[in-house]
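Visitor: Fold the following for me, if possible:
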Amino acid sequence: MVSIQHAVKCLTIIPIALHQLVILNSEGNSMITLKVYDKSFPSSDFSFYIENLPTYGEVKQLSQVYSSYGYDPIDGYRINTSHSVVTDTKNRIYYKTNHGVKPPRDTLSYIAVNKKNGCVSTQGLITIAPDTGILAGSDFLINSENWNIVGNKEIHGVVEISHTSITPLLSHYIYGSDNIVNSNTKDPKDKSIWYFQAPDKFLGNIAIAYGGQLEFTIAAFSGDFSKMHPLSYYAVILECTICNEETGARLGFPIANIHELSNFTGKSTKIIISLNEYSGWLLDVGISYKDVSTKMPNKCEFINILSKLSSIKILGDLTVWYETIALDNIFVKNQLDYVLPICN
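Guide: Numbering: from 1, shown residues only. Okay, the predicted model is just below:
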C-alpha cells in the first residue's frame, strides 16, 4: 500500500512515460525500449506495463535467451492482454508485423510504475511507422480520401479527383476551381479565400510528427499568377480549436516562406515544410484570428498544437481572380526513431 507521503509526492511530481516514434526495419519489425522520465528515480526503479495493444501488428516479450545473453531468437511469447508487465530487465519489447504485411501508422501505449513507492506515470504512446516514415498520407489512387474545400462560396466543399497522369509529380490527384470571385469595384481582390482541408486520418494527436515534415505536390491548370494574393497569406494552416483554454490556436506558414510557392507559375511543384518552430511558422492565438501574426511559436506551443490537431488546410486560392489548383501526394512524415521532447 502506498503511503500518504508517497501518494502526495506522486501527485505533485508525476513520472512521464515518454512518447516515441519507432520506424520499422525492412522486414517490418522493431525492438522498442520503453522509457520514463523522473527527476528523482532512474528507469531501473520502474516496472513497465503495456496498456493498449497495437491494431495492426503484434507486440512480444523478448525471449529469455535474448534478454539475458543477446542470442537469437529475439521474440518470445506474444503479449495478448492489457496491463501486461514487461519481463525484460532493460524494458524492451519486440514489435512484429502480422504475416509480414507492413501496416500504416500503428500505436501502442504503456505506463511505468515506481517499484519503491507505487507511483504511476502518465501514459506513453509508441507510434510505429513503416520505413517510409509516413505518419499520414493521401496519394488518391482510389478516391478523394475525404478531402474537401472550405472558404469558397461556390464550391461548397466538393473536390474533384482525376487519374490522368500530367507529370511524374502529378498523376492521381484532387483539384478545385475558384468558380466565383467575391469582390467589389472598390476592392477587386477576392474576399473568399479557399483551402483544401484534410480528412480525419491527418488529425488528432500527431505530436510525434514534430521535427518531421509536411510535403505535397501542387499544380495549376488555370490562373494568372502575376496577380497573387499577398505573400503574408498562409499557404498552410495547422489548427487546434481546444488549445489556449479552448479559444483556439493555429500555426500558419506564409506563402513568403516557401520560395517555390512565392514564385509559383502553375507548374507541378513539390513543397516540403519542416514541422518545427524554426522553419517559418507563425503562431496565432484566439479563435477569431483577426490579425496577421508575427509571433514565432516556441517548441512546446508547436508540439501542443500537433498533439490536439483539429484541422490541416492547404491554400488553393493563390490568385486574386480565378484559378484551378491540383494537389497530390500529401504526406506527414518523420523518418527517424525519435523521443518526443518533454513539455509541460
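Visitor: Give me the three-state assignment for Asn276.
Guide: At Asn276, secondary structure determined by DSSP: H, G, I helix; E, B strand; the rest coil is coil.
Visitor: Around it, how many other residues sit close by?
Guide: Applying other CB atoms under 10 Å, we find 16 residues neighbouring Asn276. Just so you know, the C-beta spots here come from the backbone N, C-alpha and C atoms, and that holds for glycine as well.
Visitor: State the distance from it to Leu309.
Guide: The spacing between Asn276 and Leu309, counted by CB to CB, to the nearest Å, is 15 Å.
Visitor: for Glu246, same thing?
Guide: Going from Glu246 to Leu309 by CB to CB gives 15 Å.
Visitor: who has more neighbours, these two?
Guide: Neighbours were counted for Glu246 and for Leu309 using other CB under 10 Å; Leu309 has more, 24 against 10.
Visitor: May I ask you to confirm that the more buried one is in contact with Thr241?
Guide: No - using CB atoms under 8 Å, Leu309 is not in contact with Thr241; the gap is 9.6 Å.
Visitor: Against Leu327, how distant is the residue positioned nearest the centre of the chain?
Guide: Among the residues of the chain, Ile206 comes closest to the average C-alpha position under CA atoms, centre = their mean, at 3.4 Å. Remark: distance between Ile206 and Leu327 (CB to CB) = 19 Å.
Visitor: Show me the strands in the stretch 201-344 of the chain, by range?
Guide: 213-223, 234-240, 249-254, 269-274, 282-285, 311-315, 323-333, 338-339 (DSSP state E, counting those that start in this stretch).
Visitor: Tell me which of those strands lies nearest to His99.
Guide: The minimum distance between His99 and the strands of the stretch 201-344 of the chain falls on strand 323-333, with 25.4 Å, by CB to CB.
Visitor: so what strands line up beside that closest one?
Guide: Applying DSSP bridges to the sheet, strand 323-333 is found paired with strand 134-138 (antiparallel), strand 173-177 (antiparallel), strand 213-223 (antiparallel).
Visitor: the inter-axis angle of that strand versus strand 269-274?
Guide: With axes from the mean of the first three to the mean of the last three CA atoms, to 10 degrees defining the directions, strand 323-333 sits at 40 degrees from strand 269-274.
Visitor: Give the rounded mean pLDDT of strand 323-333.
Guide: For strand 323-333, mean pLDDT rounds to 94.
Visitor: Extract the C-alpha trace of that strand and format it as CSV.
Guide: Output of strand 323-333 as CSV, limited to C-alpha atoms (Å, rounded to 0.1, in the frame of the first residue of the first chain):
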residue,chain,number,x,y,z
GLU,A,323,-7.8,29.6,-60.7
THR,A,324,-7.9,25.8,-60.9
ILE,A,325,-5.4,24.1,-58.4
ALA,A,326,-4.5,20.4,-58.0
LEU,A,327,-2.9,18.6,-55.1
ASP,A,328,-1.2,15.2,-55.0
ASN,A,329,1.0,13.1,-52.7
ILE,A,330,0.2,14.8,-49.4
PHE,A,331,2.2,13.3,-46.6
VAL,A,332,3.1,13.9,-42.9
LYS,A,333,6.5,12.3,-42.3
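Visitor: how far out from the middle of the chain is it?
Guide: From the chain centre to the centre of strand 323-333 is a distance of 16 Å (CA atoms, centre = their mean, to the nearest Å).
Visitor: Check stretch 256-270 too.
Guide: Relative to where its chain is centred, stretch 256-270 has its mean C-alpha point 23 Å off (CA atoms, centre = their mean).
Visitor: Quick check: end-to-end length of stretch 42-54?
Guide: Counting by CA to CA, to the nearest Å, the length from the leading to the trailing residue of stretch 42-54 is 27 Å.
Visitor: and stretch 38-54, how far out from the chain's middle?
Guide: 25 Å.
Visitor: State the three-state secondary structure for Ile50.
Guide: Ile50 - assigned by three-state DSSP - is strand.
Visitor: Return the distance of it relative to Tyr95.
Guide: For Ile50, the distance to Tyr95 - CB to CB - is 11 Å.
Visitor: can you check Tyr110 too?
Guide: Counting by CB to CB, the gap from Tyr110 to Tyr95 is 12 Å.
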